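*Asks:* Sequence first, predicted model second:
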Amino acid sequence: MSGEAGIENSSDWKKFLGKHWNIIALFVIAGILVFIGAIYVFSWFVKGAQSTGLVPSTLGLWTMNHAVSFILHLIFWELILIGIPAIIGAVAGWQWWRRLPEEEKKEYHFGKRSRTTGGGGGVSALLFIGFAIKVYVDGNWNTAISTWKLDYVVGSMITTLIWTAVIFGIPLAVGLVWWIHHETAKKP
């Protein structure tokens, strides 16, 4: 049975691509241009950041201030020059799909999409923000990263993990205790 569904799904894709090859080709080319543009903007920004003095050209002289400023400025320029046009293109693609006749959409059985994602990217960002706050509180914000000792970096990471565990662990523990109390209080 799964073999038939795979064949049917494959022929649906072939039929869809055969009928709408021009718009699909346009979006593939746009995707390639977005990828190339993102790399070009990154390269342009790195050269500009060094020449304008936003960051030192020697990595050993970078401070946490330089790293955070570099990341925030890079995100800004990527969003302005690449992100906004890509979002406009995605909205145009969505509008194109919405305007297809319902009968035609029903012809294609692309199957159900999985709604699960890899996730986990938010935890790294949260830990980096916590680490940056720890460095700022310690007064090492404008100190060259190359002068930091290994025990300082490891100690700061452990402190950041403890802060994160306390900030999120206490509400989770309270919620778990409440849920257990609520479940045990139910009368069978």
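*Replies:* Looks like it arrived, so ask away. Numbers count the residues shown, from 1 in each chain.

*Asks:* Could you report the pLDDT at residue 99?
*Replies:* Looking at residue 99, its pLDDT stands at 88.

*Asks:* What separation do you get for the residue positioned nearest the centre of the chain and residue 128?
*Replies:* For the chain, residue 121 is the residue whose C-alpha lies nearest the centre (CA atoms, centre = their mean; 6.4 Å). Distance from residue 121 to residue 128, counting by CB to CB, to the nearest Å: 11 Å. In this view, the C-beta of every residue, glycine as well, is placed from N, C-alpha and C.

*Asks:* Could you point out which residue ranges in the chain have low pLDDT?
*Replies:* Residues of the chain meeting the criterion pLDDT under 70: 1-10, 109-120, 187-188.

*Asks:* So which residues of the protein form helices?
*Replies:* 2-19, 21-52, 64-78, 84-99, 102-107, 121-138, 150-185 (DSSP state H).

*Asks:* and the second one, which residues are buried?
*Replies:* What that stands for is helix 21-52. 30, 34, 41, 45, 49 (16 or more other CB atoms under 10 Å).

*Asks:* for the third one, same thing?
*Replies:* With burial defined by 16+ other CB under 10 Å, the residues of helix 64-78 counted as buried are 64-66, 68, 70, 73-74, 77-78.

*Asks:* Closest to residue 139 out of these?
*Replies:* Nearest to residue 139 among these, counting by CB to CB, is residue 64 at 10.9 Å.

*Asks:* Could you check how far the nearest residue to the closest one once chain neighbours are set aside is from residue 90?
*Replies:* Spatial nearest neighbour of residue 64, chain neighbours left out: residue 135 (4.7 Å); criterion: CB to CB, 6 or more residues apart in numbering. In this view, residue 135 and residue 90 are 37 Å apart by CB to CB.

*Asks:* domains of this structure?
*Replies:* Residue ranges for the domains of the chain, per automatic domain parsing: 1-113, 114-188.

*Asks:* What about the closest residue to residue 61 other than its chain neighbours, how many residues nearby?
*Replies:* Once flanking residues are discounted, residue 61 sits nearest to residue 144: 5.3 Å by CB to CB, 6+ apart. Around residue 144 there are 16 other residues, counting by other CB atoms under 10 Å.

*Asks:* list the contacts for residue 144?
*Replies:* 60-63 (CB atoms under 8 Å, 6 or more residues apart in numbering).

*Asks:* That'll do, ta.
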